[in-house]
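**Student:** Compute the structure for the input listed below.
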Amino acid sequence: MPGVFVWAAGAAVILSGGMEARFQQALALQTAGRLDEAEAAYREVLSAGRYSAAWHNLGAILRSTGRLEEAEASFRAALEIKPDRPSSRHGLGMALLQMGRWADGWAHYEARRLVTPMPPAPPLPEWRGEPLKGKRLLVVGEQGQGDQILFARFLARLDASETTLVPAQSLMRLFAQLPVRTARPSAWDQAPADVWTYLGSIPHWLGLTPADAPAPYLSRPARPEAGIGLMLDGGTLTGNNPHRLPPPDAAQAIRGLADFTDLAPEASGAADFADTADLIAGLSRVVTVDTSVAHLAGALGKPVIVLMARPAIDWHSHWADDRSDWYAAMRTIRQPATGDWGSVVEALRPRLAT
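**Tutor:** Residues are numbered from 1 along each chain as shown. As a prediction, the model looks like this:
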């Protein structure tokens with residue numbers, strides 16, 4: 001399934017009695033998004049024995065369909081068999097974070113650096129939560145632009161003598177308001193520091209939760225508010241989860257619900273996220289798919305409705321209700337079934353009328 005790390009049975013795992021073929025069928029079903037069938041196939045494989053890859057892939061299905069406690073048990077079963085599999089630790093971490101079990105979740109979430117593309121580490125000692133007084137800290141932005149917006153809230157909790165953040169180029173102007181220096185050095189010696197860390201590791205090392213750095217934590221010059229912003233496109237990482245974007249007919253139905261202001265850069269002319277933030281500042285609210293604009297609106301404290309596809313790889317919003325621990329002004333509308341954008345449109349309609 002795109003957006004979730006899945007594993008084929010490796011040479012170290014021998015599946016008996018035809019279960020190898022059944023595992024491969026499950027994997028193909030999962031990749032095709034036929035999750036109910038894939039889940040049944042994985043459970044059949046697991047009825048024949050303890051197979052780490054099957055437990056892991058089942059955990060990915062369970063997490064992306066909101067059964068977080070079951071996902072936790074599945075990932076832990078995978079790790080009992082293969083403790084060195086970082087993708088299972090990463091999946092477990094996201095499940096725990098979505099349940100609000102922060103300390104354990106952050107510890108497992110550190111495995112992301114072994115399974116997701118990360119910027120190269122600077123040639124410095126890595127900071128691991130020790131006191132920063134008198135030290136210069138280099139913070140390296142990572143993952144997608146939405147992730148960097150989400151984690152930027154924690155920069156204010158650092159007490160280094162000087163903190164330099166290296167974010168995505170598109171975030172440079174937006175992040176200039178944060179209590180850090182922003183830079184895009186061509187070489188690490190152009191950003192002198194004593195220690196470094198990845199941006200997403202700060203809450204782990206400081207033991208923080210979203211409540212320790214609530215939104216809004218970004219702002220733009222105040223403007224009269226009118227109209228509704230709309231974002232139905234994804235960023236550069238959308239290929240990891242194409243399910244989150246509505247197909248053309250669903251997108252047309254959504255656009256027909258209101259006279260929206262299109263926030264896609266191709267339509268708005270925005271050169272970076274500061275320009276998009278300026279547009280959002282002049283709107284009454286925002287409707288968006290699960291992409292960086294959702295984090296931007298949330299970080300600005302703007303009311304935002306996020307249209308969540310199923311399966312969903314987000315870990316920053318609840319399944320039990322439509323809220324998020326990370327953004328007080330955010331509400332979600334989740335697909336009740338894979339590909340059911342019609343229900344999303346009908347749930348959105350009355351919310352736009354109020």
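**Student:** Mind giving me the packing neighbours of the helix or strand of the chain with the lowest mean pLDDT?
**Tutor:** Ranked by mean pLDDT, DSSP states H and E, the weakest helix or strand in the chain is helix 19-31, scoring a mean of 90. With contacts taken as 3 or more C-beta pairs under 8 Å, 6 or more residues apart in numbering; DSSP states H and E, helix 19-31 sits against helix 35-46, helix 52-64. Heads up, the C-betas are built off the backbone N, CA and C, glycines and all.
**Student:** Mind checking the ones you listed for the one nearest to His316?
**Tutor:** Judged by C-beta to C-beta, the one of those that comes nearest to His316 is helix 52-64, at 13.2 Å.
**Student:** chain center to the next helix or strand after the closest one, what's the gap?
**Tutor:** Tracing the chain C-terminally past helix 52-64 and defining elements by DSSP states H and E, one meets helix 68-81 next. Here the centre of helix 68-81 is set off from its chain's centre by 20 Å, with C-alpha atoms, centre = their mean, to the nearest Å.
**Student:** go on, stretch 132-146?
**Tutor:** Its chain's C-alpha centre and that of stretch 132-146 lie 18 Å apart, by C-alpha atoms, centre = their mean.
**Student:** What mean pLDDT does it get?
**Tutor:** Mean per-residue pLDDT for stretch 132-146: 96.
**Student:** And it, end to end?
**Tutor:** 27 Å (C-alpha to C-alpha, to the nearest Å).
**Student:** cool, stretch 57-74 as well?
**Tutor:** Note: stretch 57-74 ends 9 Å apart using C-alpha to C-alpha.
**Student:** just to revisit the earlier point, so which bits of the least confident helix or strand of the chain are buried?
**Tutor:** Buried residues in helix 19-31, counted by 16 or more other C-beta atoms under 10 Å: Met19, Glu20, Arg22, Phe23, Gln25, Ala26, Leu27, Leu29, Gln30.
**Student:** and if you look at stretch 103-117?
**Tutor:** Here stretch 103-117 shows Gly105, Trp106, His108, Tyr109, Glu110, Ala111, Arg112, Arg113, Thr116 as buried, counting by 16+ other C-beta under 10 Å.
**Student:** How about residues contacting stretch 251-261?
**Tutor:** 227-230, 232, 245-246, 268, 279, 283, 287, 307, 341-342, 344-345, 348-349, 352 (C-beta atoms under 8 Å, 6 or more residues apart in numbering).
**Student:** Which of these fall within helices?
**Tutor:** Using DSSP state H, Ser268, Leu279, Trp341, Gly342, Val344, Val345, Leu348, Arg349, Leu352 are the members of the contacts of stretch 251-261 that sit in helices.
**Student:** any idea how far the nearest residue to Leu171 once chain neighbours are set aside is from Leu158?
**Tutor:** With sequence-adjacent residues excluded and distances taken as C-beta to C-beta, 6 or more residues apart in numbering, Leu171 is closest to Phe273, at 5.4 Å. Distance of Phe273 to Leu158, given as C-beta to C-beta, to the nearest Å: 22 Å.
**Student:** These two: which has the busier surroundings?
**Tutor:** Comparing Phe273 with Leu158 by other C-beta atoms under 10 Å, the one with more neighbours is Phe273, at 27 against 18.
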